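# sequence and computational prediction follow.
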Amino acid sequence: MSLKVKKILVSQPKPTSDKSPYFEIAEKHKVEITFRPFIKVERLPLKDFRQQRIQILDFSAIVFTARTAVDNFFSFCEELRITMPESMKYFCNSETIALYLQKYIVYRKRKIFFSQTGKIEGLSAAFTKNIKEKFLLPVSELHNDDVATFLEKKKLDYTKSIMYRTVSNDFEDGEKLDYDMLILFSPLGVSSLLKNFPDFKKEQMSIGCFGKATIDNLNELGIKIDCEAPVPGVPSMTAALDQYLTENHKKYS
């Protein structure tokens, strides 16, 4: 890449807060930042869920590890016309997820437990006190089994149910990748990029990326990385971008 960066595409949804560091960076470096998610979460079709032969009301407790799990679980409940009983217990691996339940249930009338640490291990005592419950664990199609492994160690009666998946967010026909820099956040985002723009390697563009898995993926594909995080002293993508733009603009000013 041998151009001054002026237009940047961040492959994530636009931040909901006006205080996002991205907006500060845009103003500081006089660059235009566009937000365009490369991936999206979609619920499994009802017929795919039914093939799992899971009856939601057979369970007495639900384990939530993400707000997307909450949304998709209650989406199935709505479509199946299931009303959650007041006796249902909810175990969330963060207070943020627990509070998010208010979108679907009357919070103060329910038995809700959450981890103070943001990790499933923080629910260990709550699980021990409720060891006789029958737990349902909603998960994404692509997931790690850390939570399931922990539930097994606690000797809990649990069932894992795939309720949603992450897929490529297709671009419109004729939509161009007309930017000086692109920032990627996951191997799925990289796959979406190559699906939507098969001739991407011919493009001249600076590449920023976040996370070891994304870095490894781009290296395997032979796509040169210009800006990456986290690295020592640069923990976030915005910090890395700020640093990169400072150097880039100094070089081409």
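That came in fine, so what should we check first?

# who does residue 160 bridge with?
residue 137 (DSSP bridges).

# ok, now the one 5 residues further on?
Here residue 165 sits in beta bridges with residue 42, as judged by DSSP bridges.

# hmm, it is touching residue 143, no?
No - at 9.7 Å, residue 165 does not count as touching residue 143 under the criterion of CB atoms under 8 Å. Backbone N, C-alpha and C define where each C-beta goes, glycine included.

# torsion angles phi and psi at the residue nearest to residue 83 when sequence neighbours are not counted?
Sequence neighbours aside, residue 77 is the residue nearest to residue 83 in space, at 7.7 Å (criterion: CB to CB, 6 or more residues apart in numbering). Dihedral angles phi and psi of residue 77 (degrees, to the nearest 10) take the values phi -60, psi -40.

# near residue 77, how many other residues are there?
Residues near residue 77, counting by other CB atoms under 10 Å, number 15.

# that one and residue 69, how far apart?
Residue 77 sits 13 Å away from residue 69, going by CB to CB, to the nearest Å.

# do residue 39 as well
Residue 39 is 16 Å from residue 69, by CB to CB.

# give me the low-pLDDT residue ranges for the stretch 1-150 of the chain?
1-2, 109 (pLDDT under 70).

# ranges for the helices of it?
Using DSSP state H, counting those that start in this stretch, the helices of the stretch 1-150 of the chain run over 21-29, 46-50, 67-79, 95-100, 124-129, 146-153.

# with distance to residue 6 added, can I get those helices in a markdown table?
As requested, the helices of the stretch 1-150 of the chain are exported to a markdown table (distance: least, CB to CB, whole Å):
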| stretch | distance to residue 6 |
| --- | --- |
| helix 21-29 | 9 |
| helix 46-50 | 44 |
| helix 67-79 | 34 |
| helix 95-100 | 36 |
| helix 124-129 | 51 |
| helix 146-153 | 42 |
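
# mind checking these for the one nearest to residue 234?
Taking CB to CB, helix 21-29 is the member of the helices of the stretch 1-150 of the chain nearest to residue 234, at 12.6 Å.

# CA atoms of the closest one as CSV?
Taking Å, rounded to 0.1, in the frame of the first residue of the first chain, the C-alpha atoms of helix 21-29 are listed here in CSV:
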residue,chain,number,x,y,z
PRO,A,21,-12.9,6.1,20.0
TYR,A,22,-13.6,5.6,16.3
PHE,A,23,-15.3,9.0,16.0
GLU,A,24,-12.4,10.6,17.9
ILE,A,25,-10.0,9.0,15.5
ALA,A,26,-12.0,10.2,12.4
GLU,A,27,-11.9,13.8,13.7
LYS,A,28,-8.3,13.7,14.9
HIS,A,29,-6.9,12.3,11.6
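
# counting contacts, what elements does that helix pack onto?
With contacts taken as 3 or more CB pairs under 8 Å, 6 or more residues apart in numbering; DSSP states H and E, helix 21-29 sits against strand 32-35, helix 237-251.
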